[in-house]
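K.L.:
I'll drop the sequence and a predicted model, then ask my questions.
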Amino acid sequence: MGLSGDTLRGKTLFEKVRNDFLGLDTTYENARGELTRRIYMDSTASSLMFRPSAEIVTSFMSHYANTHSKLHHSAFISTAAYDWAHSRILAFVGAPEEIYTCFFAGAGTTAGVNRMARVFRDLRPEKDTAVISIMEHHSNDLPHRKHMQSVIHIPVQGIDDNLMCIDLAKLEDALKAGKGKINYVSITAVSNVTGIINPIHDIARMAHKYGALIMVDGAQSVAHLPTQIFHADDPDATIDALVFSGHKTYTPGSPGVVIARKDHLLGIEPEEVGGGMVERVMEDKYLVKEEFPDREEAGTPNIPGAIALATTIEVLDRIGMDLLMEIEDEIMHFALSEFARLEQVIVYGGTDFENCPRAASISFNIRGLDHGLVAAVLNDYFNIAVRNQCFCAHPYVKEMMSDELKKDFGEIDFGNMSDEFMRKAGMVRASFGMYSTMDDAKVLIAALKDIIENGEAYGKLYEINDQNDYEHIHYKPDHDAIFNIKDALDEYLD
Ligand SMILES: Cc1ncc(COP(=O)(O)O)c(C=O)c1O
């Protein structure tokens, strides 16, 4: 069967833009004194900037003005572009404008989760409990602990077979037992540690069946998977609120995004108040605007960031998220199957795509080597940028590592952790984005083979610094000489 016209157009566009990211050709000198291209595998923390969005925003800046006015030319252009950004994002996540609004909040997902936790709390104060999983990033955990009376953490299943997906039977038990008290379920669409994809629509059906709302943390899904939050033919599968980060969606510098049902938001006064969200202000009262998103966006928003993000999203949509997912899947499949051949490597979470679909992230350890050493060698000798430690997901990492750690440390007290313990309690995470290639994955695998073979020798080249990090004894790159703002500015002003 041939490819459809849309798929062909998507592929052509993907090939055209896949290398169009700022930082893809960045080079650093490695510990062997060779100048090599950095391979960026830290996209889960923050992705690289899509160059067309940076350029379009630069050209937009010639017309920049504050929004909420259409009087002068620039105010008109700015307001129209900013309005477009909201609509563009709503369409991208399958959220009809009659039902949902999109508003920008703070720097990332964290701001959005905090905001929606307060909205749901105030909307239904009689329901004082939130349900989350132990898989969550701290940003989809602590806001619920702070804003709600109580939080139930659903465990993951398959501790024995290392599956590490959310235990849906236990989720249903908790919803049944807490019926009437559970306000909402807040769940990540994709884990930032294992990359495991959660069945968010099954979870939505379950939550709604027991009278709970559902918020989805889309920080790790929106740039990697197709998103369709509204389902007219299956209303229970519909998501009440989706939150994600622009800086993880190929647009650093852009804001956090909240997409939420207007009917929920209309039930209470907006959580944030100030300029822009009011109709009239008298000394003794004020009248909040009815219109969305204005009533949810107090103060001057990050207009350039929002426009840059919507520009990126326009391109992702033109390529097609199904296609992008397919391309990334190939790299994930390849990397996971190669990891499986390395006996010394432990990959956390199920590696069988059928039982345990994944996106973007693979967290692992090399037996006998500390995560910090492996991450440092990958950086210093192979110019591969990965992240290590616990990725702001301590309960999940602890769950996955507790057997290993118990062998060395006995009973684990996470409240009282020695430096030695911290050097063991963590993982290395390699993560991918649309600019990642099969060749990048091959370089990673080759590097890991070398580290497995020469781990002891590498270890001798490092010492532990006062941050409890591995630091090379001889290789001391001068980061200030590589880049500092004042020099960059002087060069520009010269
Ligand atoms: C799953 C998940 N949720 C929330 C966050 C927090 O995002 P931000 O730092 O953009 O607020 C992250 C960041 O890594 C994440 O991976």
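P.N.:
Done, it's in.

K.L.:
buried ones in the strand or helix carrying Gly455?
P.N.:
Assigned by DSSP states H and E, Gly455 belongs to helix 438-460. When burial is assessed from 16 or more other Cβ atoms under 10 Å, helix 438-460 yields the following buried residues: 440-441, 443-445, 447-448, 451-452, 455, 458. C-beta: built from backbone N, CA, C; applies to glycine.

K.L.:
What about the residue of the stretch 1-150 of the chain found nearest the ligand, how many residues nearby?
P.N.:
When scored by Cβ to the nearest ligand atom, the stretch 1-150 of the chain has Gly108 as its residue closest to the ligand, at 2.1 Å. For Gly108, the count of nearby residues is 21 (other Cβ atoms under 10 Å).

K.L.:
In this model Ser245 seems to touch it, though I could be wrong.
P.N.:
Yes: using Cβ atoms under 8 Å, Gly108 makes contact with Ser245 at a distance of 3.7 Å.

K.L.:
re the thing from before, any idea how far the helix holding Gly455 is from the chain center?
P.N.:
27 Å (Cα atoms, centre = their mean, to the nearest Å).

K.L.:
what do you get for stretch 33-47?
P.N.:
Distance of stretch 33-47 from its chain centroid, counting by Cα atoms, centre = their mean, is 18 Å.

K.L.:
can you tell me the average pLDDT over it?
P.N.:
In this model, stretch 33-47 has an average pLDDT of 97.

K.L.:
how about the lowest-mean-pLDDT helix or strand in the chain, does it reach the ligand?
P.N.:
For the chain, counting by mean pLDDT, DSSP states H and E, helix 394-409 ranks last in confidence among helices and strands (a mean of 86). No: on the criterion Cβ under 6 Å from any ligand atom, helix 394-409 is out of touch with the ligand, staying 10.4 Å away.

K.L.:
Which parts of the stretch 201-350 of the chain are helices?
P.N.:
According to DSSP state H, counting those that start in this stretch, the stretch 201-350 of the chain carries its helices in the segments 262-266, 303-319, 321-341.

K.L.:
and those, which is most packed in?
P.N.:
Across those, the average number of neighbours (mean count of other Cβ atoms under 10 Å) peaks for helix 303-319, which reaches a mean of 23.

K.L.:
what pLDDT, on average, does it get?
P.N.:
Helix 303-319 carries an average pLDDT of 98.

K.L.:
and that helix, does that touch the ligand?
P.N.:
No: Helix 303-319 lies apart from the ligand when judged by Cβ under 6 Å from any ligand atom; the minimum separation is 12.2 Å.

K.L.:
Contacts for that helix, please.
P.N.:
Contact partners of helix 303-319, identified using Cβ atoms under 8 Å, 6 or more residues apart in numbering, comprise 9-10, 13-14, 17, 50, 52-54, 56-57, 60-61, 64, 66-67, 78, 81-82, 84-86, 88-89, 91-92, 104, 223, 246, 249-251, 253-255, 257, 324.

K.L.:
Are any of those residues buried, and if so which?
P.N.:
The neighbour-count test (16+ other Cβ under 10 Å) applied to the contacts of helix 303-319 identifies 10, 13-14, 17, 50, 52-54, 56-57, 60, 67, 78, 81-82, 85-86, 88-89, 91-92, 104, 223, 246, 249-251, 253-255, 257, 324 as buried.

K.L.:
near the ligand too, which of the residues you listed?
P.N.:
Under the cut-off given by Cβ under 6 Å from any ligand atom, the ligand has nothing from these close to it.

K.L.:
Sitting in strands, which of those do you find?
P.N.:
Secondary structure of the buried ones among the contacts of helix 303-319 is defined by DSSP state E; positions in strands are 50, 104, 257.

K.L.:
got the contact list for the closest residue to the second one other than its chain neighbours?
P.N.:
Pointing back at Phe104 there. When the adjacent residues along the chain are set aside, Phe104 lies closest to Pro255, with 4.0 Å between them (Cβ to Cβ, 6 or more residues apart in numbering). The contact partners of Pro255, taken as Cβ under 8 Å, 6+ apart, are 104-108, 111, 246, 301-302, 305-306, 309.

K.L.:
Please produce CSV containing those, extended by distance to Ser4.
P.N.:
Supplementary listing: the contacts of Pro255 in CSV, determined by distance: Cβ to Cβ, whole Å:
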residue, distance to Ser4
Phe104, 34
Ala105, 37
Gly106, 39
Ala107, 38
Gly108, 35
Ala111, 39
Gly246, 30
Pro301, 38
Asn302, 37
Gly305, 34
Ala306, 32
Leu309, 28
